[in-house]
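Participant: below: sequence and its predicted model.
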Protein chains: 2
Amino acid sequence: MAVRKVYGSLDSPATLKVLACLFEHHLDFEFVPVDISASDNRKKPFLNMSPFGQVPVFEDGGYTQFESRAIVRSMGHQYGKKGEELVFWNSQKQAVVSNWIDVEDHKFEPPALELISELLTKPGNGLAPDLAVVAKAEAQLAKVLDVYEARLAEFKYLAADNYTIADVLHLPNLQALMETPAKKLIESRARVSAWCSDILARPAWAKVVEMKLKAHA
Amino acid sequence: MAVRKVYGSLDSPATLKVLACLFEHHLDFEFVPVDISASDNRKKPFLNMSPFGQVPVFEDGGYTQFESRAIVRSMGHQYGKKGEELVFWNSQKQAVVSNWIDVEDHKFEPPALELISELLTKPGNGLAPDLAVVAKAEAQLAKVLDVYEARLAEFKYLAADNYTIADVLHLPNLQALMETPAKKLIESRARVSAWCSDILARPAWAKVVEMKLKAHA
């Protein structure tokens, strides 16, 4: 059997999303680190798999994919076991999951990444955050989390009453935000806070965190 | 039978993407214009359907969706007729479509929208384009179209040898780009140029253009 492979970086949220999904599906895989600091993602042979130099790449059964959300969607449909699916086969129910995947992509992630860059990455490198950028991103993220708070009054998870890939995709950035002062935006919203604690406690996510800790040890 | 409805604006590329897909599937629907200039998309009752104020909203069988790519995906799965599908049911083949949908979203549309804003919308309002923004967006789009040119040497369309929703999603921005000097980026690439002419000639797209012309008449 061909080995399933993930080419990526443990510093890339997109890579961590794919790893979380692999662990949720109990799939064996080989992790192939790509050295972003050496720009290995901008060189051949990597560019043959990922023409824009994006990580991660997922290789499975002769197919390669290079967009993390596309990888996670197809993994859900390819490997979901009855009763444990992170997607739906009913097209109208799956439509709702797709809708909230796109919300994570277009609404949640952009301000989340800005806050993580200003409040975690920069201080980690001895740099001061740009407070104007922080204020703007916090205001943006607050509006998004207000919508989530209302949504979570209707459903236990973002897309449905069960955990789906729409939730999985939030994990890396939620985890990082909780390590910054911006965690107040999460903790001040009861349902968002409970949802965040719930999904960060998934055993599959614990395996990703452990993988990252081991690599940095 | 409940009437299928699209709430949107004919000036919104996202709305036009959904309309193109409806015509491809020969579906009846009612178009409900949302007055963006009056901020009707930022008020109730619209916000009940689209919590971030985004157009379009697609209402079908009691479900509403507010992310255009999610709408188009689920429409493809819900209504695709054997032999005319714009999606795949095989999860690995659909994975490739998802991959190229995300490329349109993350790589193609951002520089395309910047160029349309600078080279079409601004001059239409008597304003001069910001040439530095134009130069940067053209360089970005050129790299994307280089990847497309290589891709289209392998497949007739972006995701496969048949037309899929990954292609449909490009229509409104391609059409607008062709009305600007940035069309040189398309015309200078033989395969991209042929693909663009091919997909802009789809009868379903002609119906969208006609709808827009009638509304502006």
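Facilitator: Everything's here; your move. Note that the structure is a prediction, hence the values are computed from the model and not measured.
Participant: and the longest helix anywhere in chain A, what's buried?
Facilitator: Ranked by number of residues, the top helix in chain A under DSSP state H is helix A:131-154. For helix A:131-154, a neighbour-count test (16 or more other CB atoms under 10 Å in any protein chain shown) marks A:133-134, A:137-138, A:140-141, A:144-145, A:147-149, A:151-152 as buried. (Glycine included, C-beta is placed from N, CA and C.)
Participant: so is whatever helix or strand comes next after that helix next to chain B?
Facilitator: Remark: after helix A:131-154, the chain's next helix or strand is helix A:165-168, criterion DSSP states H and E. No: judged by CB under 8 Å from any CB of the partner chain, helix A:165-168 stays clear of chain B, getting no closer than 10.3 Å.
Participant: list the contacts of helix A:165-168.
Facilitator: Outside helix A:165-168, the residues that touch it by CB atoms under 8 Å, 6 or more residues apart in numbering or on different chains are A:17, A:20-21, A:24, A:72-73, A:76, A:86-87, A:97, A:100-101, A:103-104, A:157-159, A:195, A:199.
Participant: check whether the longest helix of chain A contacts chain B.
Facilitator: Yes: counting by CB under 8 Å from any CB, chain B has neighbours in helix A:131-154: A:V144, A:V147, A:A150, A:R151.
Participant: which strand residues bridge A:G8?
Facilitator: A:P33 (DSSP bridges).
Participant: how about the residues of chain A that lie near chain B?
Facilitator: A:51-52, A:60-61, A:63, A:65-67, A:69-71, A:73-74, A:77-78, A:91-92, A:94-96, A:98-99, A:101-103, A:105-107, A:144, A:147, A:150-151.
Participant: A:K207 reaches A:F23, doesn't it?
Facilitator: Yes: checked against CB atoms under 8 Å, the pair A:K207 and A:F23 is within contact range at 4.6 Å.
Participant: more neighbours, these two?
Facilitator: A:F23 (20 against 15; other CB atoms under 10 Å in any protein chain shown).
Participant: for B:A70, see how far away the more buried one is.
Facilitator: A:F23 sits at a distance of 26 Å from B:A70 (criterion: CB to CB, to the nearest Å).
Participant: which residues does A:L152 contact?
Facilitator: By CB under 8 Å, 6+ apart, the contact set of A:L152 is A:L158, A:R191, A:V192, A:A194, A:W195.
Participant: which elements pack onto the one helix or strand the third one maps to?
Facilitator: Under the criterion of DSSP H and E, A:V192 resides in helix A:190-200. Helices and strands touching helix A:190-200, as assessed by 3 or more CB pairs under 8 Å, 6 or more residues apart in numbering or on different chains; DSSP states H and E, comprise helix A:131-154, helix A:165-168, helix A:171-177, helix A:183-187.
Participant: that one: what's the following helix or strand?
Facilitator: Using DSSP H and E, the next helix or strand after helix A:190-200 towards the C-terminus is helix A:203-216.
Participant: for that next one, buried residues please.
Facilitator: A:A204, A:W205, A:V208, A:K212.
Participant: which residues are contacting that helix?
Facilitator: Around helix A:203-216, the neighbours that count as contacts under CB under 8 Å, 6+ apart are A:L10, A:L16, A:L19, A:A20, A:C21, A:F23, A:E24, A:F31, A:P33, A:L171, A:Q175, A:I199.
Participant: got the angle for it vs helix A:190-200?
Facilitator: Interaxial angle, helix A:203-216 versus helix A:190-200 (axes from the mean of the first three to the mean of the last three CA atoms, to 10 degrees): 60 degrees.
Participant: chain center to the lowest-mean-pLDDT helix or strand in chain A: distance?
Facilitator: Every helix and strand in chain A was compared by mean pLDDT, DSSP states H and E; the lowest is strand A:63-65, with a mean of 91. Here strand A:63-65 is found 19 Å from its chain centre; the criterion is CA atoms, centre = their mean, to the nearest Å.
Participant: check stretch A:112-127 too.
Facilitator: Computed by CA atoms, centre = their mean, the chain-centroid distance of stretch A:112-127 equals 18 Å.
Participant: equivalent analysis for stretch A:167-175, please.
Facilitator: Its chain's C-alpha centre and that of stretch A:167-175 lie 4 Å apart, by CA atoms, centre = their mean.
Participant: again with stretch A:138-155
Facilitator: Centre-to-centre, stretch A:138-155 and its host chain are 18 Å apart (CA atoms, centre = their mean).
Participant: run a quick neighbour tally on A:E104.
Facilitator: A:E104: 21 neighbours (other CB under 10 Å).
Participant: any chance of the residues of helix A:131-154 next to chain B in CSV, plus pLDDT?
Facilitator: Output for the residues of helix A:131-154 next to chain B, formatted as CSV (pLDDT from 0 to 100):
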residue, pLDDT
A:V144, 98
A:V147, 98
A:A150, 98
A:R151, 98
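Participant: just send those residues back as CSV, with distance to A:T121 too.
Facilitator: Listed next are those as CSV, based on distance: CB to CB, whole Å:
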residue, distance to A:T121
A:V144, 21
A:V147, 26
A:A150, 31
A:R151, 29
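Participant: that older thread, among the contacts of A:L152, the buried ones, what's the PyMOL command?
Facilitator: To isolate the buried ones among the contacts of A:L152 in PyMOL, judged by 16+ other CB under 10 Å, type:
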select buried, chain A and resi 158+191+192+195
